[in-house]
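Peer 1: Quick one: sequence and predicted model below, then my questions.
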Amino acid sequence: MATTVDKPVDLEQRDDYLRRTAHSGNGGGRDLVPADGSLRAVQDHSPAASTGIWVGLTAISMTFAALTSALVVRKGASTDWQHFTLPSVLYLDTCILLGSSVTLELSRRYFARSLAGLRAGLADSARWLYLTLLMGVVFVSGQYVAWLQLRHQGLYLSTNPSSSFFYVLTAAHALHVLGGLGGLVLVTYRLSRSRLRRSTLDIASRYWHFMDVLWIYLFLLLWFKM
Amino acid sequence: MHDTSAHAVHQHAAPTSFIRKYVFSLDHKVIGKQYYGLALLAVLTGMVLSWLMRLHLGWTDLKIPGLHLLSASGAPGDVMTPEYYLQLMTMHGTIMVFFVLTTAPFAAFGNYFLPIQVGAEDMPFPRFNMMSFWVTFTAFLVLISSFFFGDGPTLAGWTQYAPLSAVGAVAGPGQGTGEVLWASSIAIFCVGQLLGSLNFITTTLDMRTKGMSLWRLPLTAWGWFITSVMGLTAFAVLMPACILLILDHVAGTSFFVASNLVLNDQLQPHSGGSTLLWQHLFWFFGHPEVYIAIVPGMGVVSHILVANMRRPMLSHRVIVYSMGALAVLSYMVYGHHMFVSGMNPFSSLVFSFPTLVITIPSTILVLIWIGSLYGSKLRINTASLFALGFISMFISGGVSGFFLAQPSIDIMLHATYFVVGHFHLVMAVAAIFGIFAGTYFWYPKVTGRMMNETLGKIHFWLTFVGAYCIFMPFHYLGIAGNVRRYQAFVDDYLVRLIPLHRFITVAALCTGAVQLIFLYNLFYSRFRGEEAPLNPWQATSLEWSTPSSPPPFDNFGGRHVVVYHDPYQYGIEGSTDDYVMQDSPAQIQSVRDEK
């Protein structure tokens, strides 16, 4: 073991730190939420929520990884796997979800412009956000139509392991998308009340884009396995 | 300046109403105490269940007065039926693993002390934190409710192997409603722990105060952080597994039930599901769960020993690396629970190798503890005794792991009492000793009063001897061929083992009764205990820098803590005391690992 001299932190620096951040966090490595009340006036970033969303997405990834491995094992272990054609509405649904990511990005860009002082940016941002919300609702409705189409083919949850996995995976994803829609509703509400922080929109977008990527993955999985 | 900083720091104001202060509280300290209370309730329930099981194993036809009140069909005339024994056993395992070993060392202590030890006012998502507890509590109620619905709780064991767990009421009492309640309870529990893990990880990464670099975190904080990463990834797998199990029951799917299965002369209406699939999903969670139970204890024990040795561990960093290695390896070894499932012998070898490798970080930990203790003038108090007890149990239980890790030996010992003895010592009793150590150590901070040391030491010695009396004979029973989960012993070779079973039963009852001393000490000291000084153990980490015991709502009374030192600055030359607090600005010759 070696001995070293620990130098105390410079007190002047410390006061400056308190003035800027007024928050505990991150070993003092980054500036955190300022305390002067004008949250929207600065380029804020909230490390805890930003880290938190990645942590949450890790958990969601693990859940879908578990379901994927279950599908692969179940399909490999049996001879009763019934192949079926994916409902055609899913192709349209995929486009809609991809489109919603684009509209959300546009909303985010206009919001950034509004932070830079351009008043018009805020209205444009809201407009694209409403469109994203609408597309999200259409996507979930589209999933419901897909289930109806499957029922029409006589494929129910318990009919065959392939249909069981189809319903479980799409329903689990749709539930997560509904959660994302809840988040976007909150973002829209805060935007309308001029209380939206940039970090909130960033985090909501990160989740939404992840839902997009997850759906592409699930769609390909279903396409190959069904 | 002070007002504005206070505004941002306290994202939620100190509550005044009873409901917001003590019931639906956002304060991590209250939530930690709630978790501890839940664990206490759960451990008492689980212990009573084990007494009932032990009585039945010692004296199969024994009438246990009042047992019929718990279940008229399960205990007609107060004598336990074979099925009811299995139901109690399942509930004992489930309650202990999920609601005691996961909640107490991780959720209870971690919630209370992690934010304080990193110098934060609270966790970053207090509402999620509150939800985490109440969701977990709901899971507990759902599980306990299965005692009172239909024909009682499930009998499929805490591992819930399919197809027994998946075919429904035809498989036996409790396999209908009881089984669905079990799977629902555990799925709900997973949600609670995921929310908790989310908070733990973000607290450690993002809520550290100025100067608190990762290497300045105490070993407890490292333990909770590593555990929360395991919790996040393991519970996220168990939850969908439970949902698939529920669907097999309520929606008629066939995830886990093979085709052409005939039970009680009835052909089961399932197509070819995979019974092994459940085992894969369950043990992918199940083995990390073992480390979720024990790693926080490793952190707590290291933390307590350092404070009582008055010098740091031989290597702070190697302890952290070893705990991390345990976490990573814990995902690679799960197949060793399935050596006899008919897996390819090559797969057995693949799982056997990391299982033997995982003993390396475990051994390193033990060697560091013992090496650090060697020659130290250890302060003997109840907390340090329980910490030593933890190491003892961990070694005793760990040694039997070497045998079980090898497929050829495991084929003989699998599903015998040898396994039961192994995991009880290494995971359950060791973790419980960690909980006791933490309780005696932190009680002064949480309540402002000291626990009675004399009663504590009596409690330790009786529990220590009692635990060995209960669990060491299990190994002998296992080697003698005593299969676990038998409710009565009728074969010749088993009948001869009944006296040993009776000895274990008496030991279990006595050791259980000894816990009354702990309960008395816990509640009596709360009101009548000696008033505790702010830092009774002369320890250095931030929980001892709070302005009061218990700490105020914002932990540090409006003060912004700045950390200047590594966590364990003991035995400092030239200092007025032999230790320097982490937030002391004194310039010192500090003790540190080689870089």
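Peer 2: Thanks, I have the structure now.
Peer 1: Give the next helix or strand downstream of the helix or strand bottoming out on mean pLDDT in chain A.
Peer 2: In chain A, no helix or strand scores lower on mean pLDDT, DSSP states H and E than helix A:11-21, which sits at a mean of 43. Downstream of helix A:11-21, the first helix or strand assigned by DSSP states H and E is helix A:47-77.
Peer 1: Could I get the buried residue list for that next one?
Peer 2: For helix A:47-77, the neighbour count (16 or more other CB atoms under 10 Å in any protein chain shown) marks A:47-49, A:51-53, A:55-64, A:66-68, A:70-71, A:73-75, A:77 as buried. In this view, the C-beta of every residue, glycine as well, is placed from N, C-alpha and C.
Peer 1: Does that helix reach chain B?
Peer 2: Yes. Helix A:47-77 comes into contact with chain B (CB under 8 Å from any CB of the partner chain), by way of A:47-49, A:51-52, A:55-56, A:58-60, A:62-63, A:65-67, A:69-70, A:73-74, A:77.
Peer 1: quick one: contacts for the residue lying closest to A:Ala146 once chain neighbours are set aside?
Peer 2: Take A:Ala146 and drop its neighbours on the chain: the residue closest to it by CB to CB, 6 or more residues apart in numbering or on different chains is A:Pro87, 4.0 Å away. Counting by CB atoms under 8 Å, 6 or more residues apart in numbering or on different chains, A:Pro87 touches A:Val145, A:Ala146, A:Gln149, A:Leu150.
Peer 1: Same question for B:Ile368.
Peer 2: B:Met313, B:Leu314, B:Ser315, B:Val318, B:Ile319, B:Ser322.
Peer 1: How many residues are close by the fifth one?
Peer 2: A count of neighbours around B:Ile319, defined by other CB atoms under 10 Å in any protein chain shown, yields 24.
Peer 1: Count the residues that sit near B:Phe18.
Peer 2: Quick note: B:Phe18 (other CB under 10 Å) scores 8 neighbours.
Peer 1: so where's the chain uncertain?
Peer 2: In the absence of a named chain, chain A is used. For chain A, residues meeting the criterion pLDDT under 70 lie at A:1-46, A:118-119.
Peer 1: let's do chain B instead
Peer 2: B:1-13, B:574-575, B:589-595.
Peer 1: could you show me where the strands are in it, in order?
Peer 2: B:262-263, B:266-267, B:569-570, B:579-580, B:588-592 (DSSP state E).
Peer 1: Can you give me the distance of the closest residue to B:Lys63 other than its chain neighbours to B:Leu67?
Peer 2: Spatial nearest neighbour of B:Lys63, chain neighbours left out: B:Asp78 (4.2 Å); criterion: CB to CB, 6+ apart. Counting by CB to CB, to the nearest Å, the separation of B:Asp78 from B:Leu67 is 5 Å.
Peer 1: With neighbour numbers in mind, choose between those two.
Peer 2: More neighbours surround B:Leu67 than the other of B:Asp78 and B:Leu67, with 22 against 14 (other CB under 10 Å).
Peer 1: check contacts around the more buried one.
Peer 2: B:Leu52, B:Gly74, B:Ala75, B:Asp78, B:Val79, B:Met80.
Peer 1: Please compute how far the longest helix belonging to chain B lies from its chain's middle.
Peer 2: Across chain B, the helix with the greatest residue count (assigned by DSSP state H) is helix B:275-309. Computed by CA atoms, centre = their mean, to the nearest Å, the chain-centroid distance of helix B:275-309 equals 7 Å.
Peer 1: Not counting residues beside it along the chain, what's closest to the most centrally placed residue in chain B?
Peer 2: Centroid-nearest residue in chain B, with CA atoms, centre = their mean: B:Leu101, separated by 1.9 Å. Residue nearest to B:Leu101 in three dimensions, not counting chain neighbours: B:Ala293, with 3.8 Å by CB to CB, 6+ apart.
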